[in-house]
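Visitor: fold the following and give me the result.
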Amino acid sequence: MSKNIVIIGGGIIGLSTAYYLQKQGYKVTIIDKTNMDTGASHVNAGYITPSHFISLAAPGIITKGIKWMFDSSSPFYVKPRIDLDFIKWSLAFKKSATKEKVAKSMKPILDINLFGRDLYEDLKKTNDFNFHYEKKGLLMLYKSDKIGEEEWEVGKKGIGQGLQVENLSAKEVQKLEPNANLNIKGGVYYHSDAHMTPNVFMKEMISYLEKNGVTFYKNEEVKDLEVSVGKISSIKTNKRELKADEVVVAAGSWSPLLTKKLDLKIPIQAGKGYSINVKSDTKITIPAILCEAKVAVTPMNGFTRFAGTMEIAGINHDINLKRVEAIANAGKSYYPDLAITSEEKETTNCGLRPCSPDGLPYIGKSRKCKNLTVATGHAMMGWSLGPATGKLVSEIISGVKTSVDIASFHPDRKF
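Guide: Numbering: from 1, shown residues only. Now for the predicted structure:
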């Protein structure tokens, strides 16, 4: 008899998990507390990022973070607050931000990113979807020699990991982007990366899953998880009670609120990111990260998206106009001909990325609950790792060997 599986969370991770589980013949239900047309999965930079193999908890980030803490327009902003979970997370982050730990996490992060890219390409080849996907690489654009040297150090590590990476002068970058006027010193070019238009893919995936028998309970909130003999026996929402053979928690920044009910403490802080969609023709054809400003630029289907900031300030969707202005100013600083209208700035969106303290996602079964699989904590790589996580969860639930080693992603790991 086919297993009945409930997935809590309908972002890119939840949808991808549903896709691979229904392919295995399982009966799948998705519960999401929104209408599933907003959130981090819709407003992210749309990157598939083998280039991002250095974890968020990199050495030096804490010193920068303390300096930036007093500047609400800075790229990485931590709002100081008296909150036990935040304090514990901060201490775990500090412990993780060592050279040794970052070096150890490089291979698992790269492997799952490459696996994710392959799966997106497989999905593209099926007749089920028609989403925008381009593999044009990623430019790390810099304005100062110091940042250029730092980026090339990372680039050399990438070459050591088997990636194709080039160190380009401003002239060489301009050759790649002949129609977009650039004000830079140079760029480090990763050939490995790809990009997409997230909301297009999300719509197509929801439509595909609905047609293929996946049940959706939108605008429903999980209120309680009942446990009996080490297993979740029922899921209570504000509208119904559901039984499931297996439960997947893929609720992003909200995941710890659910796992706490099972006495499973998964340290996550919400990292807010903003995105501005520019409708005019920017002439930008290759995705780029504006290094000093930490702003991501993506040419999408019908617009160019400028996304950025990592704001660790709890769960809220407040838009800080200073930060919106900082993203727009960064765009103008690197692309002098760029015009972002006040209306485009006013329609800025934000999303909450679930950040683990060590920059690695949580993927796997906890020893605390037999029929629970955790799939969260992907930080800025959620989009990149969507299908990879979904496929891994389907392999975990089916009891087969996983396509990549998931030991580093264990939800019970200690910090």
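Visitor: the longest helix anywhere in the chain packs against which elements?
Guide: Secondary structure of the chain per DSSP state H: the longest helix is helix 99-125. Packed against helix 99-125, as judged by 3 or more CB pairs under 8 Å, 6 or more residues apart in numbering; DSSP states H and E, are the following elements: strand 47-48, strand 133-134, strand 194-196, helix 382-398. Every residue, glycine included, has its C-beta placed from N, CA and C.
Visitor: for N179, which of these is the nearest?
Guide: strand 133-134 (16.6 Å; CB to CB).
Visitor: confidence-wise, which helix or strand of this structure is lowest on average?
Guide: helix 61-68 (a mean of 70; mean pLDDT, DSSP states H and E).
Visitor: so which elements touch the next helix or strand after it?
Guide: Per DSSP states H and E, the first helix or strand lying C-terminal to helix 61-68 is strand 76-78. The elements that strand 76-78 packs onto, with contact taken as 3+ CB pairs under 8 Å, 6+ apart, are helix 61-68, strand 303-312.
Visitor: any idea of the mean pLDDT for strand 76-78?
Guide: For strand 76-78, the mean pLDDT works out to 80.
Visitor: walk me through which strands it pairs with, and which way each runs.
Guide: Here strand 76-78 is paired, per DSSP bridges, with strand 303-312 (parallel).
Visitor: report the next helix or strand after the strand it pairs with in sequence order.
Guide: helix 321-334.
Visitor: list the buried ones in the helix or strand that that next one is followed by?
Guide: Next helix or strand after helix 321-334 toward the C-terminus (DSSP H and E): helix 342-346. By 16 or more other CB atoms under 10 Å, the buried positions in helix 342-346 come out as E344, K345.
Visitor: what's the most buried one of the helices and strands packed on helix 99-125?
Guide: strand 47-48 (a mean of 28; mean count of other CB atoms under 10 Å).
Visitor: quick check: mean pLDDT of that one?
Guide: Per-residue scores along strand 47-48 average to 98.
Visitor: with only the CA atoms kept, save stretch 220-228 in CSV.
Guide: Output of stretch 220-228 as CSV, limited to C-alpha atoms (Å, rounded to 0.1, in the frame of the first residue of the first chain):
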residue,chain,number,x,y,z
GLU,A,220,-3.8,26.6,6.6
GLU,A,221,-1.5,26.8,9.6
VAL,A,222,-0.2,23.7,11.5
LYS,A,223,-1.1,24.3,15.1
ASP,A,224,0.1,21.0,16.6
LEU,A,225,1.9,17.8,16.0
GLU,A,226,0.7,14.9,18.1
VAL,A,227,3.3,12.3,19.0
SER,A,228,2.7,8.7,20.1
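Visitor: distance from that stretch to the middle of the chain?
Guide: 26 Å (CA atoms, centre = their mean, to the nearest Å).
Visitor: measure the residue nearest to S253 when sequence neighbours are not counted to I184 for me?
Guide: Of all residues not flanking S253 in the chain, A270 sits nearest, at 3.7 Å (CB to CB, 6 or more residues apart in numbering). Look at A270 and I184: by CB to CB, to the nearest Å, they are 32 Å apart.
Visitor: just to revisit the earlier point, okay if I get the helices and strands packed on strand 76-78 as TSV plus mean neighbour count?
Guide: Shown next, in TSV, are the helices and strands packed on strand 76-78 (neighbours: other CB atoms under 10 Å):
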stretch	mean neighbour count
helix 61-68	14
strand 303-312	24
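Visitor: how many neighbours does the nearest residue to K99 once chain neighbours are set aside have?
Guide: Once flanking residues are discounted, K99 sits nearest to P59: 5.5 Å by CB to CB, 6+ apart. P59 has 14 neighbours, counted by other CB atoms under 10 Å.
Visitor: now do the same contact list for P59.
Guide: Counting by CB atoms under 8 Å, 6 or more residues apart in numbering, P59 touches A97, T98, K99, V102.
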